[in-house]
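**Q** quick one, structure for this:
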Amino acid sequence: MDLLGNAGLVAKNLPALLLGLTIFVFLFDLVRNRTWASLEPGKVNGPVKALGATSAAGILILALVAAAGQPLSDTGYFFAGLILTYVFATLSLKPAMRTMLHLACAVALNMFVPGDKLTLAACSYLMGAVAIRLVLNMLKPKDSRLDDVAPPFVYLSAMLFASCGAAGGGNAEKYSGMINSAFIVSTLMTLMQRPFMRDDKILVKRLVLTLSGGLAYLVMVTKAVNAPEYVRLAALVGAGYGMAYALDAIAIKKDCATSAIKQILIIGIFTLLATRLFGNLGMAALGAGCMVGNFSQIPACAAIFFGARILEQVFAYANVSNVTGINLNHPYVSAALYLGLFSALGLMALLKDVSDRRIVAAAFALLTALGTGAVSYFLHSEAAGGYLISLIVSAVLVAIVGQAFFPDEEEKVVNVALVPALATSSAMVSAGLLQFGLSATMEDRMTVIGVMGAVTFAALLASYFIGRGKAAGNSDSSNGGGSNPGGSPGDSGKPVAVSGD
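**A** Sure, this is the predicted structure:
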């Protein structure tokens, strides 16, 4: 009994252990690399217009949500996620350091926000963080990152699933312990793997790391969480590390469509295994394992896919009254599936044909956040859930397979993976629009359509004229002071494969 009591005490302190570990890894990198000497605070003021525009769009969406009767008490969390992500992204920090800071903020949010307020607070925070990350990536594709916001997105989505009741009333604490354990092991792995990442041509070192991670998680499950019935989950966690290493290794080869198909197959096979054996808990474990990817952004893309799937389940549990799940044969749901696929493909076409990055950034953010709220308003909850399912699957397909259509600029289309993250968090924040839409008259619906069309047109028109004015100014400067026919190296696209720390 004493052993069980100690195990329960350890399980309750796992969030604090994870928080302390993320801070330790951040400080370790800060001291080892003397990062404070290379920080450039002046860069924070660079894309401040993007921050202002994203904040204004967020205020607009939150105001619409408030009109549906949902209180604005969680607005502060939206701006916390927005500002923190903006500051972390614009400071000259190593990618691994940004990841640790983001994960520490997510763990602290989960620890200190009361359980009855956690869902809206966490989703508002994620909505702000993902929105500004998406906008910054669209404005500067060569600096695109997904691996800083992916771990906190998966962590908070998994913790919401554990606490919302979908995991089973008696299993919530145990689920939370296993999720925290997965992220503890993954955080340690990101630190311990660094000496072994070089000169591993036949992947022996990565195989040893995979086995070590699985064994470490086995110890956590049996000794810290005291859940011997989940010992098989350790095998999935270890395999998840292997999955992340495999996705990275395939990205190195860069044989276009063939590599993309292999990556999609790997993600799909592991999704099937995880959901069949352990449900959403398995996907949370796989999402945590993706933290070890350090060469490309594809492991982070897979992690966002897992997190979005989990958060969609939270949305369905809270809002869909059909106890058997979402009926895909329903006419409205079928139409919503088509809309989700069309949205992902349309965004890829937008990236291909529109050269002005500000127009693309505005379109991505507005279509994702405002479009998700519109689906909730105009359609019922099952259709909204179907739209999210379709968008999640379509976005990961477009983000990975679509690289073949963007030679030397693959990082542009990989950012589509952030779309379902923003859509699912926005759907949770704007869930009040579901009931508001059910009581709306046809006149009300037509008015909303007109307002949405006017706002979208005004935003795109403003972006067009701003871009046109900037192009004219650059042309005048070029004529008067010389030109650069070769272009700047920073203006060319860079492959999505980005070397890690």
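**Q** can you pull out the helices in the stretch 351-500 of the chain?
**A** 357-365, 371-378, 381-401, 410-414, 418-429, 432-438, 442-481 (DSSP state H, counting those that start in this stretch).
**Q** so which of those comes closest to residue 139?
**A** helix 357-365 (5.1 Å; CB to CB). Backbone N, C-alpha and C define where each C-beta goes, glycine included.
**Q** shaky segments in the stretch 1-150 of the chain?
**A** Where the stretch 1-150 of the chain drops to pLDDT under 70, the residues are 1-11, 35-44, 68-73.
**Q** now with 90?
**A** Residue ranges of the stretch 1-150 of the chain with pLDDT under 90: 1-13, 29-76, 89-96, 114-117, 120, 138-144.
**Q** so which residues of it form strands?
**A** Assigned strands in the stretch 1-150 of the chain: none (criterion: DSSP state E, counting those that start in this stretch).
**Q** now the helices: where do they sit in it?
**A** Going by DSSP H, counting those that start in this stretch, the stretch 1-150 of the chain shows helices at 2-12, 14-33, 48-67, 75-90, 95-112, 115-139, 150-163.
**Q** out of the helices of the stretch 351-500 of the chain, deepest packed?
**A** Across these, averaging neighbours per residue (mean count of other CB atoms under 10 Å) puts helix 418-429 on top, at a mean of 29.
**Q** which residues does residue 345 contact?
**A** When contacts are counted by CB atoms under 8 Å, 6 or more residues apart in numbering, residue 345 touches 394, 398.
**Q** let's see 10 Å
**A** 394, 395, 397, 398, 402, 416 (CB atoms under 10 Å, 6 or more residues apart in numbering).
**Q** in TSV, list those residues along with distance to residue 322 and pLDDT.
**A** Formatted as TSV, those follow (distance: CB to CB, whole Å; pLDDT from 0 to 100):
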residue	distance to residue 322	pLDDT
394	23	94
395	24	93
397	26	94
398	28	92
402	33	88
416	29	91
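**Q** I'd like the helices of the stretch 1-150 of the chain laid out as CSV, including distance to residue 352 and mean neighbour count.
**A** CSV is the format used below for the helices of the stretch 1-150 of the chain (distance: least, CB to CB, whole Å; neighbours: other CB atoms under 10 Å):
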stretch, distance to residue 352, mean neighbour count
helix 2-12, 49, 13
helix 14-33, 37, 17
helix 48-67, 22, 17
helix 75-90, 25, 21
helix 95-112, 27, 22
helix 115-139, 13, 24
helix 150-163, 25, 28
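**Q** so which of those gets nearest residue 426?
**A** In terms of CB to CB, the element of these nearest to residue 426 is helix 115-139, at 5.6 Å.
**Q** how near is residue 407 to residue 400?
**A** For residue 407, the distance to residue 400 (CB to CB, to the nearest Å) stands at 15 Å.
**Q** in this structure residue 394 contacts residue 343, no?
**A** Yes - using CB atoms under 10 Å, residue 394 is in contact with residue 343, at 7.3 Å.
**Q** using CSV, lay out the helices of the stretch 351-500 of the chain together with distance to residue 189.
**A** Shown next, in CSV, are the helices of the stretch 351-500 of the chain (distance: least, CB to CB, whole Å):
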stretch, distance to residue 189
helix 357-365, 32
helix 371-378, 34
helix 381-401, 23
helix 410-414, 23
helix 418-429, 23
helix 432-438, 40
helix 442-481, 42
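**Q** wait, which of those is closest to residue 54?
**A** Each of the helices of the stretch 351-500 of the chain has some distance to residue 54 by CB to CB; the shortest is helix 357-365, at 6.6 Å.
**Q** that closest one: how far from the chain's middle?
**A** Taking CA atoms, centre = their mean, to the nearest Å, the mean C-alpha location of helix 357-365 is offset from the chain mean by 18 Å.
**Q** helices or strands next to that helix in the packing?
**A** Contacting helix 357-365 under the criterion 3 or more CB pairs under 10 Å, 6 or more residues apart in numbering; DSSP states H and E are the following elements: helix 48-67, helix 115-139, helix 331-353, helix 418-429, helix 442-481.
**Q** now do the shared contacts for residue 394 and residue 343.
**A** Counting by CB under 10 Å, 6+ apart, the residues touching both residue 394 and residue 343 are 416, 419, 420.
**Q** closest to residue 79 among these?
**A** When these are compared for distance to residue 79 (CB to CB), residue 419 wins out at 21.5 Å.
**Q** ok, now how distant is the closest one from residue 320?
**A** Residue 419 is 21 Å from residue 320, by CB to CB.
**Q** what do you get for residue 128?
**A** Residue 128 sits at a distance of 25 Å from residue 320 (criterion: CB to CB).
**Q** repeat that for residue 415.
**A** Between residue 415 and residue 320 the computed distance is 29 Å (CB to CB).
**Q** the more surrounded of the two?
**A** Comparing residue 415 with residue 320 by other CB atoms under 10 Å, the one with more neighbours is residue 415, at 27 against 21.
**Q** any regions of the stretch 351-500 of the chain where pLDDT drops low?
**A** Checking the stretch 351-500 of the chain against pLDDT under 90 turns up 351-384, 402-413, 429-500.
**Q** ok, now with 80
**A** Where the stretch 351-500 of the chain drops to pLDDT under 80, the residues are 354-359, 361-363, 365-367, 369-371, 380, 407-408, 435-445, 447-449, 451-500.
**Q** ok, and the closest non-adjacent residue to residue 245?
**A** residue 206 (4.6 Å; CB to CB, 6 or more residues apart in numbering).
**Q** between the shared contacts of residue 394 and residue 343, which is nearest residue 186?
**A** Nearest to residue 186 among the shared contacts of residue 394 and residue 343, counting by CB to CB, is residue 420 at 21.5 Å.
**Q** quick one: that closest one from residue 55, how far?
**A** Distance, residue 420 to residue 55, using CB to CB: 22 Å.
**Q** then residue 153?
**A** Relative to residue 55, residue 153 is positioned 20 Å away (CB to CB).
**Q** what does residue 296 give?
**A** For residue 296, the distance to residue 55 equals 31 Å [CB to CB].
**Q** tell me what the helix or strand containing residue 179 is packed against?
**A** Secondary-structure assignment from DSSP states H and E places residue 179 in helix 172-192. Judged by 3+ CB pairs under 10 Å, 6+ apart, helix 172-192 is in contact with helix 2-12, helix 14-33, helix 95-112, helix 150-163, helix 204-219, helix 233-253, helix 280-289.
**Q** angles on the backbone of residue 140, please.
**A** Dihedral pair for residue 140: phi -130, psi 80, per degrees, to the nearest 10.
**Q** now for it, how many residues are close by?
**A** Using other CB under 10 Å, residue 140 has 17 neighbouring residues.
**Q** quick one: it and residue 90, what's the gap?
**A** Distance from residue 140 to residue 90, counting by CB to CB: 10 Å.
**Q** quickly list what's touching both of those two.
**A** With CB under 10 Å, 6+ apart, residue 140 and residue 90 have common neighbours 46, 47, 50.
**Q** dump these into CSV; add distance to residue 60 as well.
**A** CSV is the format used below for the shared contacts of residue 140 and residue 90 (distance: CB to CB, whole Å):
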residue, distance to residue 60
46, 24
47, 20
50, 16
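**Q** and residue 112, how far from residue 226?
**A** Using CB to CB, residue 112 is found at 25 Å from residue 226.
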